[in-house]
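The sequence and its predicted three-dimensional model are supplied below.
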Amino acid sequence: MDLNKLRVRRSFIFTPGLQPEMFPKALASGADMVCIELEDGIAMKDKDEARKNTIDALKSLEVKK
């Protein structure tokens with residue numbers, strides 16, 4: 001592991017997987033890490049939709065490093 005490449009994560013933002021319109025806003029927020037909620041915050045009946053939204057976003061959204 002190259003310790004010079006480690007980056008401290010100071011801030012996290014969570015966004016619900018059912019609201020993909022919020023993904024770009026979360027990415028633009030300046031948070032060090034964006035987490036898309038797919039577990040406890042999503043009802044069982046909605047999990048497939050949330051997962052699909054997340055997969056689609058990961059394929060299409062640009063993320064700054």
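Yep, it's here.

Go ahead and confirm Ala50 touches Asp40.
No. The pair Ala50 and Asp40 does not pass the contact test of CB atoms under 8 Å, sitting 11.7 Å apart. Backbone N, C-alpha and C define where each C-beta goes, glycine included.

Who has more neighbours out of those two?
Ala50 (21 against 6; other CB atoms under 10 Å).

The more buried one should be in a helix, yeah?
Yes. The assignment for Ala50 (DSSP: H, G, I helix; E, B strand; the rest coil) places it in a helix.

Tell me the confidence at it?
For Ala50, the pLDDT comes out at 97.

Likewise for Met1?
62.

how about low-confidence regions in the chain?
1, 3, 64-65 (pLDDT under 70).

residue boundaries of the strands in it?
Residue ranges of the strands in the chain, as given by DSSP state E, are 12-16, 33-37.

Mind checking these for the one nearest to Leu6?
Closest approach to Leu6 among the strands of the chain (CB to CB): strand 33-37, 13.8 Å.

which residues make contact with the closest one from outside it?
By CB atoms under 8 Å, 6 or more residues apart in numbering, the surrounding residues in contact with strand 33-37 are 9, 11-17, 23, 26-27, 50, 54, 57.

one step back: quick one: the strands of the chain as JSON lines, columns for mean neighbour count too.
JSON lines is the format used below for the strands of the chain (neighbours: other CB atoms under 10 Å):
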{"stretch": "strand 12-16", "mean neighbour count": "16"}
{"stretch": "strand 33-37", "mean neighbour count": "15"}
